[in-house]
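Please find the sequence and the predicted model below.
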Amino acid sequence: MKVYEAYLDIETTGLSPIYSDITVIGIYLENSEDSIFIQLIGDDITPYNLSYIMEKVHTIYTYNGSRFDLPFINAKLGINLEDYAFHEDLMYRCWKRGLYGGLKKVEERLGIERKLKEVDGRMAVILWYKYIRHNDINALRLLLEYNKEDVMNLKILKEKLYSF
């Protein structure tokens, strides 16, 4: 039985799945009774682990996920998440309301708060390599916090988009 909505965002080492890897998959699962935030990191990013999480999901929400996150996951893990659940890319709902740009720009226009203003996708790559090459746990913590903020802000964005 599919009982959860999922908000999903990935971090990668670059823009091309041919030359890059997924470093973090952040997923917030929610239903009327409970919620859980999950992050798959590095070697924990496997087809089995992701499939196991997605088995109970009926709807996946992303921002630009139809052009980036889902194709990247499919290329790297061989999993088409749309085989598991309905996917709504919130970017297109934003476009219908005249809200263009990346997630952070849309958040700013809608008054969605962001604590980590200095971290972006490029910095996420740097943080990953600091962690991998120098065992910098603080870099990993910051990367995971950034990913979590992206994921949790998807929920806020969806709520705002559905309210007007």
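Done, it's in.

ok, Gly65 - how many residues close by?
25 (other CB atoms under 10 Å). Where C-beta positions appear, they are placed from N, C-alpha and C, glycine not excepted.

Pull the contacting residues for it.
Counting by CB atoms under 8 Å, 6 or more residues apart in numbering, Gly65 touches 8-9, 87, 89, 91.

ok, now Met91?
62-66, 103.

neighbour-wise, which of those residues leads?
Counting neighbours by other CB under 10 Å, Tyr63 comes out on top of those with 27 neighbours.

so what pLDDT did that residue get?
pLDDT, Tyr63: 98.

Need the phi and psi values for it.
Backbone geometry at Tyr63, expressed as degrees, to the nearest 10, gives phi -120, psi 120.

Name the nearest residue to it, sequence neighbours excluded.
Spatial nearest neighbour of Tyr63, excluding adjacent residues (CB to CB, 6 or more residues apart in numbering): Leu103 at 4.5 Å.

Distance check, the one you found against Tyr7.
Using CB to CB, to the nearest Å, Leu103 is found at 12 Å from Tyr7.

Can you pull the residues that touch both of these two?
Leu154.

quick one: which two of the contacts of Met91 are the most distant?
Greatest spatial distance in these: Ser66 and Leu103, 13.8 Å, computed using CB to CB.

quick one on the thing from earlier: out of the contacts of Met91, which sit inside helices?
Mapping those onto helices (DSSP state H) picks out Leu103.
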